[in-house]
Each structure stands twice: as C-alpha cells, then as structure tokens.
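Asker: next come a sequence and a model predicted from it.
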Amino acid sequence: MFMLLEVSTRTQHVPLQRATNVSHWAVVSAVSFLSGVSAMTGWCQETVSPRTASELFAVPPIQSTWNDLTDGVETPEAWAAHKAILKQRFLDLLRDDHKPDRPPLDLTVHEEVVVDDVYRRQLVSYSVEEGERAHAYLGIPLDCPPQAPAIVALHGTYAEGAKRAAGLVDNPDKAYLDHLCRRGYIVIAPEHFVSGHRTPPEGPYETGRFYEKHPEWTAVGKFTYEHSIAIDVLETLPEVDRENIGALGHSLGGHGTIFLAAYDERIAAAACNCGASFFRHNPHFADWSRDRWYIYFKPLREGFLRNELPPIDFHEIIALIAPRPFLDLSGLNDGVPGTQRQRVLMLTEVMRPYELEGAPENFGFYVHGRGHSVAHESRELMYGWMDTHLKPPAATQTHLVGDRAAESP
C-alpha cells in the first residue's frame, strides 16, 4: 500500500519523497536557467546568429516532483492504461472495498419553506447504511425548467453542518445552496457524517465511533461514499438533468469535491476552493492520519509513522477527473506557504492528462493571496465554471450591441 520515501536536498520544502523516479524530481533545472543568463549577457554584446537565437530562446522543460504523473506516458492509449491503475490505487486509499452495501434511499422530507418566492428549500434525510440516515438541504428553483442542472454543494469543517451552505447561519459567503438556486440550479447540500444532525456525543468531527464500527474503512471513504449517495437523491428528482450534475465546496468540502469527482463519474463538472494540501511537500503529512479528533485515514497510520506515503497523491487523484471539467482555487498564504506554492507546480502537471484526453479547455486553476476564504471573485469563478460546463451554451454566450438591439421588441 505504501512506498518508502527518501530524504531530498533539492528543495527545503520536500522533507520526504517516494522512491520512484527520484532522478526526475527537481523543481527547476538550475543548469538551464544559468545557461540562459549567460546567453543573455552575450546577446547584449553581439549580433545574434540564428543558431544562437534558437538556443537563447529555447524554453527548458519544467521539471518537478509532480512530473511522475505522466512519466513514460506519451499517448492517449498509454494514459488510459495508467489511469486505470491510478483509479485502483485511489480506491485502495479510500479502502472502498470495506464500504457497506448501498441501501434503498427511503427519502424523507422533514421541513419545507419557500425562500423569497425564488426557490423551495427542504430538509431531507435518506439511508446511507443500515441503521444510519444522512441529512441534507435540498433547493429547487420555483421556475425550474423540465431538465435543470444540479450541484452537490459540500460544506467545510463546521459544527452545524449544511446549515451554513444553506445560508441559515454564520458566513453568507459560503451559502452555496442559496446562491446557486438563485442562478437556476437544483442544489443538494449534504451534511458531513460527524456534524449537524449526526454530531457524535464526543463532539463535532470526532471519528472514534465511526472507526469502532468500521475499523478497516476510512473517514474519507465514508464521506465520499455518502456524497455519491447524494447524487442518487438528485437523480430521483424528475427536474434534474442527469447529464449535468456538478460538485463544489470549500476547505473540507473542497477536497471532498476532488474525491467525489474522482470517485463518481456522474459528476460532470467540479470546483475545489481551498482544499487541503497533499501528501508530499507537506511537513504535516502525518496529520492525514493523526491519532485524535478527525482522522482521515486511520488504517494508514502505521505507514505514515514509518515515513511512508501512499502510492498515489493529489495530482494523480485530480487527474482521474479528466476529461471532465475541474477548477482549483487556492491561496498561496493558506497554510504552509511552501506547500501551497508547490500546488502551482502540481496543477501545471495536471494539464498534461487533460491534453492527452483532448480536453485542455476543461482544466483551470486560480491562485490568490486571500488566505482560506471564499471571496467574491472566487465564488464568481466557481459559479461561472458551473454555468459554462453545466448550462446550455446560450447561457454564457456574449452578444454585440447590435445583436441585442435586434432582439428587442
């Protein structure tokens, strides 16, 4: 399950690495850079010959520890074969083979209210395993067309669960259900399994009881499985266009979005805002399997304590989403600065699988300096991403002034 790591001296932010392809793992080629500086000095002193110009302006390849994503993969066919291997590694990471059988939904509506004559909001519950029900807020626009796009909106680490995503408490920047219903989407905001209505007696986000019940499963596998069931709920609604279901979220909901989109191909477009960092280039990597409170991957703890990382990292998990649209938004000053700067290098490598699958336009990322936030521009980017990829082209089409004048009565 794990691959032993080696200490690296190539960058101060890489305390550990997987042993595979170490020779390819340098952040930037210093030799190429210094050669370019030398050539630039000569360029100022003499006329540049065609040969010298070619050497001067040649772009050296960017090499980083993320290049292993497509090492030796040059064709779409080779990528498809490698992707299948990565998918199995991802399922192994989740311990997906330890999930319970999926029960009948038994969808129940507990509350219903009409908000501003714009949309109907329901508090619903449904079965996720024997003797256990999940809760979620469900929003349906009143003027909903026969086949409307839908979104799974995932909240962050918040004690009251989906109430914030529904716009009922706390920070309205994170009221995704309200915002998106007003834009014409059907939205389900599921509650994380250790928050809100299912808060354990020990407190919000305590996973001890979960691991007593499922010692070989993982909390990440659990919430990913439950979020997949939230898609089942959406598919029961006749108004939902099953071909256009998206997912988005912030923080815990951000990387929850990555896991869900990689896990369930019914997600047609995804956007992650300030999702957690990865395994490599992360001095706090062992927190993914800490010994207290919220434990993401408890069965993997022994490997982490031996300075071993799983044989898959976040760039490979994100690549499983390709060619479906994926947008990543992150703050360089969110968490460990060096780790977040590595995220930029990681994301440039994710473009390669999208190119191999013929869909480079379906991948994007936005990096800012607003820390761990869902600022106005971040929300607009996420919502615009969904509009572009889930709504008909006419919804985002631009017009010349004359065209609009011609349309007027």
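Answerer: Ah, there it is.
Asker: so who does K99 touch?
Answerer: Applying C-beta atoms under 8 Å, 6 or more residues apart in numbering, we find K99 in contact with 217, 221-222, 225. No exception for glycine: its C-beta is placed from N, CA and C like everyone else's.
Asker: now render the residues you listed as CSV, adding secondary structure.
Answerer: CSV is the format used below for the contacts of K99 (DSSP: H, G, I helix; E, B strand; the rest coil):
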residue, secondary structure
W217, coil
G221, helix
K222, helix
Y225, helix
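Asker: looking at those residues, which is nearest V374?
Answerer: Closest approach between the contacts of K99 and V374, by C-beta to C-beta: K222, at 24.7 Å.
Asker: what is the neighbour count of the closest one?
Answerer: Each residue near K222 was counted by other C-beta atoms under 10 Å, and the total is 25.
Asker: make sure R183 is actually in contact with M382.
Answerer: No. In this structure, R183 is not within contact of M382 by C-beta atoms under 8 Å, at 11.1 Å.
Asker: between these two, which is the more surrounded one?
Answerer: M382 (27 against 16).
Asker: look up how far F210 lies from the more buried one.
Answerer: From M382 over to F210 the distance is 29 Å, taken as C-beta to C-beta, to the nearest Å.
Asker: please save the CA atoms from stretch 100-107 in PDB.
Answerer: Written as PDB, here are the backbone C-alpha positions of stretch 100-107 (Å, rounded to 0.1, in the frame of the first residue of the first chain):
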ATOM      1  CA  PRO A 100     -21.300  -1.300   3.200                       C
ATOM      2  CA  ASP A 101     -23.900  -2.200   0.700                       C
ATOM      3  CA  ARG A 102     -25.900   0.800  -0.600                       C
ATOM      4  CA  PRO A 103     -29.400   0.600   0.900                       C
ATOM      5  CA  PRO A 104     -32.700   1.800  -0.600                       C
ATOM      6  CA  LEU A 105     -32.800   5.600  -0.200                       C
ATOM      7  CA  ASP A 106     -36.100   5.900   1.700                       C
ATOM      8  CA  LEU A 107     -36.000   9.700   1.100                       C
END
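Asker: and the contacts of it?
Answerer: Here stretch 100-107 makes contact (C-beta under 8 Å, 6+ apart) with 124-130, 133, 229, 232-233, 236.
Asker: neighbours of V152, how many?
Answerer: Neighbour tally, V152, other C-beta under 10 Å: 30.
Asker: start at 38 instead
Answerer: Yes, from this point I'll number from 38; that puts the last item at V189.
Asker: residues in contact with it?
Answerer: V189 touches 224-227, 264, 267-268, 271, 282-285, 297, 304, counting by C-beta under 8 Å, 6+ apart.
Asker: with H264 instead?
Answerer: By C-beta under 8 Å, 6+ apart, the neighbours of H264 are 189, 191, 227, 284, 293, 296-297, 301.
Asker: please apply the same query to P336.
Answerer: Here P336 is in contact with 132, 252-255 (criterion: C-beta under 8 Å, 6+ apart).
Asker: among these, who's most crowded?
Answerer: T255 leads the contacts of P336 on contacts (other C-beta under 10 Å) with 26 neighbours.
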